[in-house]
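Chemist: Build me a model from this:
(chains A and B)
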Amino acid sequence: MTKRVAIIGVGTTGFRATTPDVSYRELTYEAATKAYLDAGVEPKQIDAFVATSEDFLEGYSIADEYSPDQLGAVLKPIYTVSGDFLQSLASAQMMILSGVANIAVAQGMSKASNMLTLSDMVTFAMDPIYNRPLGESPHAVAGMEMARFLYETGTTREQCAQVVVKNKRNALTNPLAGHGVALNMDYVLNSEIVSSPLAQLDISPHSDGAVVVVLAEENTAKVFSKKPIWIRGIGWCSDTPGLETRNWGQAVYAQMAGDMAYKMAGIRNPRKEINFAEINDEFSYKELQHLEALRLFKKGEAGLVTEMGGTEISGEFPVNPSGGCLGVGNLFDLNGGHTVLEVVLQLRGEAGKNQLSNITTGLAQSWRGVPTTTGAVVILSN
Amino acid sequence: MRRVAIVGAGLTKFYRNTLETPKELAYEATKMALDSCEMRLSDIDSVVMGTAPDAFDGIHMKGEYLSDGAGAFRKPYMRNFVGGGTGVFAPIHGWFHVASGMFDTCLVVCEEKMSSAYPHPAGAFLTIFDHTTEQPLFPTLIWIFAIEMNRFMTTHGYRKEDIARVAVKNKKNAMDHPSAQLPAEITVEDVLNSEVMAWPVNRLDISPTSDGAACLILAAEHVARRITEKPIWLDGVGWCLDSAYWCTRDLYYPDYLEVAARQAYKMAGIKEPSKEIHIAEPYDPFTYKELHHIEGLMLAPRGKSVQMLVDGVFNRDGNLPCSPSGGLLGVGNPIAAAGLMKVIELYQQLKGEAGKRQVPGNPSCGVANAWGDLMQVGTVVVLRK
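Modeler: From the prediction side, this is the model:
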């Protein structure tokens, strides 16, 4: 790869449980305006755009129709990726590397508060012949996966509860986060069991919000930005969609996406060469499972380190200093957008009270949620 | 920028009501494409999925559901979506994968199973309109296209009986297509006498709803040379969306398509499209759309396409064969798969492997486009041999 690609601007609305005052288009408009201002670009200077949406989450049959106007992308190259935000970011990066764009934008948005029948929708994501007739709730899939993960690695429910305590506490000092709260571990453990061993507080609550990221090719980036954040590696992968054929204990998709990103970034020892990570923690155990899949910790080690405080903001390897999905809220396909936003802010030194010190490289990871086995990883450096 | 080649293709038969699941359709097309160039799944570095609304197949996140059927098991896999334009956008997205240098090969799979939507897949289009300004009027897709067709006819003084010739031509061309769902020898009178859906759109002006899948294999130049002696090059790509607020636009001309076409022509080094392009597959879900797109692709001057149609220029043996495959009107319209079917037709024509459909004159450059959303998407590819 000869060219390098940098993130030169980020914009967000912040993330809240409900946003009755704005429509989903206005959420994107606000994030886009801030991102363009941050990057110092006018919409007319942007060569191409990538939007992120899934029809059922937006409530439209062809949700991508409504992508251009609020981004300033009318009569411009724009398309939609029906995937995670990090996949859109990868797609935008490929446009820049292939030379069709110098400056490209990736957009993602969540209006989860509009969804009245979310669990029915997730059931609709199951295989219509083999899985849907079982009528299982999405949380049953997560519960089974958690049980297998705990069994295979010797991780405990207490260690998972510690993830919840840590992330929700981190969110208290992150002004963008919507679900920060100070809890103790017993409170998490004693919350209602949804699908054993998964308890209510192991599950991340929903949030609304939007994120827009401006990317640029190396020479352009240096003109526009004093603090470009470089994309060193990016990877994405889909394991099997079938419930019957997947590996329930390990996150194979995260491991393979991570390996692709590490290879591109030339990283051999991720634990040593990466300083901190924003990891998908839609369910508490997912943070630990993903950390191990990404080879940031050995099998069974992530829970122990979390218990000892090693993944706190002051720890040896901070994980989810923003608060993660548990603290910021589950943003569905914008989850990757929130993680990349936080890594960029950290690397620029703009993360406020949650700022980490002496960092040069961060990792953002995402997962598309139950029942998928699709995930993506991006490695950024300042 | 690396040069990207098409090295293999697969296409299922198009049906109104298949017994195969969406995943099986995707598998069938993928397997055919791999077999066509003697490649194995282990040779494939990345997979792109193009498939239109989830409401057709009735599966939320249907890209995820289709992934293993499309050969994406444990591979980098991404689904793109630009409504009806998806079928021609998918190879463009695949082009990014290869031209960027990230991957050497990319499998581009498009699938649509519209028959899963009961009682009729048109129901899926009720929720494509703006929730505040349009949905309360209960518009249907055919209504808004009737508005566009009317505007197109009125502006240029086109007559319905002339536009109907597109259906006659395309359904006849489809007689020679092994995947075709609605090939027929019909007359202009048949079109005019068919049921009026929303004036000026009659039943035979509209392509059918279909189930089907299609697949293309893209490879970087150095890989393509090892796979085939006759790679077909994907030399130009262009795509664009106009405003979603379609009521504010003049519908007589597809600006979005011209913008996309100019991008693709520039990349392919085409200065005079009507002279340098030998064969076209304009998107024809409705009869008038083929002509609308021929003008948008700048293959005919504005207001002149109907005369060229009447003169036989767009026939298979004409100067500029358009939809020699039979198009959506003849072969069928499983949305995303139909768009990719058009690209596959160009691939086969340029290779000289289109059998009975082969256009005379040894064509060396072709263009295909697709269109969708609220009459706002233009996706264009230019292929060369």
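Chemist: Okay, helices next: where are they in the stretch 151-300 of chain A?
Modeler: Using DSSP state H, counting those that start in this stretch, the helices of the stretch 151-300 of chain A run over A:157-172, A:185-189, A:218-224, A:252-265, A:270-273, A:284-293.
Chemist: so A:I7, which of the three states?
Modeler: strand (DSSP: H, G, I helix; E, B strand; the rest coil).
Chemist: contacting residues around it?
Modeler: A:I7 makes contact with A:V213, A:V214, A:L215, A:P228, A:I229, A:W230, A:I231, A:V340, A:V344, A:L380 under the criterion CB atoms under 8 Å, 6 or more residues apart in numbering or on different chains. No exception for glycine: its C-beta is placed from N, CA and C like everyone else's.
Chemist: quick one on the thing from earlier: same list (the helices of the stretch 151-300 of chain A) but as JSON lines, adding mean pLDDT.
Modeler: Below are the helices of the stretch 151-300 of chain A laid out as JSON lines (pLDDT from 0 to 100):
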{"stretch": "helix A:157-172", "mean pLDDT": "97"}
{"stretch": "helix A:185-189", "mean pLDDT": "96"}
{"stretch": "helix A:218-224", "mean pLDDT": "95"}
{"stretch": "helix A:252-265", "mean pLDDT": "97"}
{"stretch": "helix A:270-273", "mean pLDDT": "96"}
{"stretch": "helix A:284-293", "mean pLDDT": "98"}
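Chemist: These: which one's closest to B:K75?
Modeler: Nearest to B:K75, of all the helices of the stretch 151-300 of chain A, is helix A:252-265, at 8.5 Å by CB to CB.
Chemist: How is chain A partitioned into domains?
Modeler: Split into domains by automatic domain parsing, chain A comes to A:5-116+A:207-229, A:137-205+A:232-381.
Chemist: Quick check, central residue of chain A?
Modeler: Computing the C-alpha centroid of chain A and ranking residues by CA atoms, centre = their mean puts A:G336 first, at 2.5 Å.
Chemist: show me where chain A has strands.
Modeler: Under the criterion DSSP state E, chain A contains strands at A:5-12, A:48-52, A:78-81, A:103-111, A:193-195, A:198-199, A:208-217, A:229-238, A:276-278, A:361-367, A:374-381.
Chemist: can you list those in CSV and add mean pLDDT and distance to B:K75?
Modeler: Below are the strands of chain A laid out as CSV (pLDDT from 0 to 100; distance: least, CB to CB, whole Å):
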stretch, mean pLDDT, distance to B:K75
strand A:5-12, 98, 22
strand A:48-52, 97, 20
strand A:78-81, 97, 16
strand A:103-111, 97, 22
strand A:193-195, 95, 30
strand A:198-199, 97, 30
strand A:208-217, 98, 24
strand A:229-238, 97, 7
strand A:276-278, 98, 24
strand A:361-367, 97, 17
strand A:374-381, 97, 11
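Chemist: Of those, which is nearest A:G154?
Modeler: Nearest to A:G154 among the strands of chain A is strand A:198-199; the distance by CB to CB comes to 17.8 Å.
Chemist: Show me what that closest one is in contact with.
Modeler: With CB under 8 Å, 6+ apart as the contact definition, strand A:198-199 has outside contacts at A:H139, A:A142, A:G143, A:M146, A:R157, A:V188, A:L189, A:S191, A:E192, A:I193, A:F283, A:Y285.
Chemist: Pick out whichever of those sits closest to B:F125.
Modeler: Using CB to CB, these come closest to B:F125 at A:H139, 33.0 Å.
Chemist: I'd like to know how far B:M1 sits from B:C110.
Modeler: 24 Å (CB to CB, to the nearest Å).
Chemist: And the two? Which one has more around it.
Modeler: More crowded of B:M1 and B:C110, by other CB atoms under 10 Å in any protein chain shown: B:C110, with 35 against 12.
Chemist: what packs against the helix or strand where that one lies?
Modeler: Using DSSP states H and E, B:C110 maps to strand B:105-113. Packing partners of strand B:105-113 (3 or more CB pairs under 8 Å, 6 or more residues apart in numbering or on different chains; DSSP states H and E): helix B:22-36, strand B:46-50, helix B:54-57, helix B:86-99, strand B:211-220, helix B:335-351.
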